[in-house]
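1. Predicted structure and sequence below. I'll ask about it afterward.
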Protein chains: 2
Amino acid sequence: MILIAERINGMFKDVKQAIADKDKKVIQDLAKRQTQAGASYLDVNVGTAAADQQATMQWLVETIQQTCATPLCLDSQKPDVIAAGLKVANTENGIILNSTPLNKKTDDKILDRYIDMANQAGPKAGIIALTMDKNGVPQDIDTRVAIAAEIVSKAADMGFDPQRLFIDPIILPVKVPDAQAQPTNILAAMDQIKLLADPAPHMTVGLSNISQGATERSLINRIFLAMAVSHGLDSAIVDVLDEELMNVVATSEMLMNKQIYSDSFLKAYKGT
Amino acid sequence: MILIAERINGMFKDVKQAIADKDKKVIQDLAKRQTQAGASYLDVNVGTAAADQQATMQWLVETIQQTCATPLCLDSQKPDVIAAGLKVANTENGIILNSTPLNKKTDDKILDRYIDMANQAGPKAGIIALTMDKNGVPQDIDTRVAIAAEIVSKAADMGFDPQRLFIDPIILPVKVPDAQAQPTNILAAMDQIKLLADPAPHMTVGLSNISQGATERSLINRIFLAMAVSHGLDSAIVDVLDEELMNVVATSEMLMNKQIYSDSFLKAYKGT
């Protein structure tokens, strides 16, 4: 499973403070700990408080790269912030641009711009594309699948391998009124999205969104992850420092026959 | 979710010993504890050691009924043992006959016999029918679904409501060589079995089978349960005394929108 570690994000207090103080140690510790915990990529999000988002993105990228070589997942809705990160990021081991909708009212060609940037970043660069368009986040199954199909089609038209696409069907918090029906819709959408190309595009979710504001956050995250893996999810933006969650990842992969069963399958997954 | 509590089974040492000693207290304690933990039904299985299985089934049924009114799930591959249990069982709150294959080499009409017994046991009597026939347990998806379809069709022919049927696609232990591919096949079979009738037949599994002989038994049980619920499983034979498993049941039901989210959803599920 392609695990994108979520913690280097200016929405978290410690990271926000570290950005304000230019305190490299906090960022580098998170980079190292998340790498050791099994992160395939480190998400890098400047948050909303940074005065100069482009400069902050570059500082975060350089700070992380001084301490580890884990590929990065540059996380911003603003193409200029992604572009700034790409100027200093090492991309030879891979990089993900996170994230773009199909289109926006203010920018009909935003997906094209992310694909262009990924193409320039080399053959291992991926994109997280949200099943969202100028009309916002769809509530139903069919619109999610239709938008995903348009994303896959556009990528193909631009010579971008569907296997470098990560389709994100967008999880809403179960605690939000009227959003509780969303998990079933998302799983049903996944059943169809995985059939849109052969080989299938990757599918990813920002897992922790589902438990935003809820009690039992880790439990809700873990159970939805297990369900989603059984519907084809092969990537997720997660808290890799949550050991119980990582055990669920290992168990899900084993049950889906992607890892051989052995009595030490939990340890085997961690590569220890 | 319809939870069938697994512990009153002569395969467990304490129950085997209690049967040998005619020690009612062990059985009645298990009946009460499982009921308090949220069992919808109590499975009753004499095991293989009992000298007289019919008399033992009757003793277990009577012993349980002296202490609680939870409906029973009479568990035997032998119609005569089920019939003996039915002679003394209270059936007005429901009963399940567990289990029959579609047919056997030695008994082509075994499903008919279970349906006849259930029909005589009243309008709330259910049957657990295994996706298994005279050729044994199928390894693939299509044969499981084909057998399930024959079961549903036979039930309809005999005037037995599909909603009183519990189809069990038979889980094999992930630790058994060559059986690790089974969980994905079972989930795929469930996707189709739930479409065989409208309203759908129930689907159930003997959950603990999947982790037989494995390390991390509870974790494997929990993760497969979450996956299966997201593919339509609405019943399971489980260890209701496993609190972590019960939390997964509650979380799965909430995520599948069968229970309203509240901050106390875990407690709400237990009815406390």
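-> Cool, the structure landed. These numbers were taken from a predicted model, which means no experiment stands behind them.
2. what's the burial count for the closest residue to residue A:124 other than its chain neighbours?
-> Leaving aside its sequence neighbours, residue A:124 sits nearest to residue A:94 (CB to CB, 6 or more residues apart in numbering or on different chains; 4.1 Å). Quick note: C-beta positions are derived from backbone N, CA and C, even for glycine. By other CB atoms under 10 Å in any protein chain shown, 20 other residues sit near residue A:94.
3. again, but for the one 10 residues further on
-> Burial measure for residue A:104: 16 neighbouring residues, criterion other CB under 10 Å.
4. for chain A, what helix or strand is lowest in average pLDDT?
-> In chain A, no helix or strand scores lower on mean pLDDT, DSSP states H and E than helix A:265-270, which sits at a mean of 85.
5. ok so, going back, for the residue nearest to residue A:124, list the residues it contacts.
-> A:41, A:71, A:124, A:125, A:126 (CB atoms under 8 Å, 6 or more residues apart in numbering or on different chains).
6. just the buried members of those residues?
-> Those of the contacts of residue A:94 that meet the buried threshold are A:41, A:71, A:125, A:126, by 16 or more other CB atoms under 10 Å in any protein chain shown.
7. How about the secondary structure of residue A:231?
-> With DSSP: H, G, I helix; E, B strand; the rest coil as the basis, residue A:231 sits in coil.
8. residues from chain A in reach of chain B?
-> A:174-175, A:180-181, A:183-184, A:187, A:214-216, A:219-220, A:223-224, A:226-227, A:229-231, A:247-248, A:251-252, A:254-257, A:260-261, A:263-266 (CB under 8 Å from any CB of the partner chain).
9. does residue A:249 count as helix, strand or coil?
-> With three-state DSSP as the criterion, residue A:249 reads helix.
10. so it makes contact with residue A:3?
-> Yes - using CB atoms under 8 Å, residue A:249 is in contact with residue A:3, at 6.9 Å.
11. Overlap of the contact sets of those two?
-> With CB under 8 Å, 6+ apart, residue A:249 and residue A:3 have common neighbours A:38, A:238.
12. start to end distance for stretch A:128-146?
-> Counting by CA to CA, to the nearest Å, you get 16 Å between the two ends of stretch A:128-146.
13. in that stretch, what counts as buried?
-> For stretch A:128-146, by 16+ other CB under 10 Å, it's A:128-133, A:137-138, A:141, A:143-146.
14. Taking the centroid of chain A, which residue is nearest it?
-> The residue lying closest to the centre of chain A (CA atoms, centre = their mean) is residue A:237, at 4.2 Å.
15. Convert the helix or strand where that residue lies to CSV, retaining C-alpha atoms only.
-> Element membership for residue A:237 (DSSP states H and E) is strand A:235-238. The C-alpha atoms that make up strand A:235-238 are tabulated as CSV, following Å, rounded to 0.1, in the frame of the first residue of the first chain:
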residue,chain,number,x,y,z
SER,A,235,-3.1,4.3,-1.2
ALA,A,236,-4.0,6.7,1.7
ILE,A,237,-2.9,9.8,3.4
VAL,A,238,-2.7,8.6,6.9
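16. coming back round to it: could you list which of the residues of chain A next to chain B belong to strands?
-> Using DSSP state E, no member of the residues of chain A next to chain B falls in strands.
17. about what we covered before: so which of the contacts of residue A:94 sit within helices?
-> Assigned to helices by DSSP state H, none of the contacts of residue A:94 qualify.
18. Who has more neighbours out of residue A:249 and residue A:3?
-> Comparing residue A:249 with residue A:3 by neighbour count (other CB under 10 Å), the higher total belongs to residue A:249, at 25 against 22.
19. The more buried one and residue B:107: what is the separation?
-> According to CB to CB, to the nearest Å, residue A:249 and residue B:107 sit 45 Å apart.
20. Need the contact partners of the strand holding residue A:237.
-> A:1-6, A:40, A:43, A:73, A:98, A:166, A:202-208, A:221, A:225, A:228, A:245, A:249.
21. Span of stretch A:89-102 from start to end?
-> Using CA to CA, the two ends of stretch A:89-102 sit 25 Å apart.
22. for it, what is the average pLDDT?
-> Confidence over stretch A:89-102 (mean pLDDT, whole number) is 97.
23. State the pair within the buried ones among the contacts of residue A:94 that is farthest apart.
-> A:41 and A:125 (11.5 Å; CB to CB).
24. any shared contact partners between those two?
-> Joint contacts of residue A:41 and residue A:125 (CB under 8 Å, 6+ apart) are A:94, A:96.
25. Tell me who's in contact with residue A:56.
-> A:10, A:19, A:46, A:50.
26. And the strands in the stretch 51-200 of chain A?
-> A:72-75, A:95-100, A:125-130, A:165-168 (DSSP state E, counting those that start in this stretch).
27. give me the low-pLDDT residue ranges for chain A?
-> A:271-272 (pLDDT under 70).
28. now the helices for it?
-> Going by DSSP H, chain A shows helices at A:13-21, A:24-36, A:53-65, A:79-88, A:110-120, A:141-157, A:182-193, A:217-229, A:243-255, A:265-270.
29. would TSV of these with distance to residue B:111 be doable?
-> Listed next are the helices of chain A as TSV, based on distance: least, CB to CB, whole Å:
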stretch	distance to residue B:111
helix A:13-21	61
helix A:24-36	54
helix A:53-65	62
helix A:79-88	61
helix A:110-120	55
helix A:141-157	36
helix A:182-193	31
helix A:217-229	32
helix A:243-255	30
helix A:265-270	38
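30. Pick the most buried one from the ones you listed.
-> helix A:217-229 (a mean of 24; mean count of other CB atoms under 10 Å in any protein chain shown).
31. relative to helix A:182-193, how tilted is that helix?
-> Relative orientation of helix A:217-229 and helix A:182-193, computed by axes from the mean of the first three to the mean of the last three CA atoms, to 10 degrees: 30 degrees.
32. Quick one: list the elements packing against helix A:217-229.
-> helix A:182-193, strand A:235-238, helix A:243-255, helix B:217-229, helix B:243-255 (3 or more CB pairs under 8 Å, 6 or more residues apart in numbering or on different chains; DSSP states H and E).
33. Could you export that helix as CSV, CA atoms only?
-> The C-alpha trace of helix A:217-229 is given here as CSV (Å, rounded to 0.1, in the frame of the first residue of the first chain):
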residue,chain,number,x,y,z
ARG,A,217,-11.0,8.8,15.8
SER,A,218,-8.4,6.0,15.4
LEU,A,219,-11.0,3.3,15.5
ILE,A,220,-13.2,5.0,12.8
ASN,A,221,-10.1,5.6,10.7
ARG,A,222,-9.0,2.0,11.0
ILE,A,223,-12.4,0.4,10.2
PHE,A,224,-13.0,2.6,7.2
LEU,A,225,-9.5,1.9,5.9
ALA,A,226,-10.1,-1.9,6.1
MET,A,227,-13.4,-1.5,4.3
ALA,A,228,-11.9,0.7,1.6
VAL,A,229,-8.9,-1.6,1.0
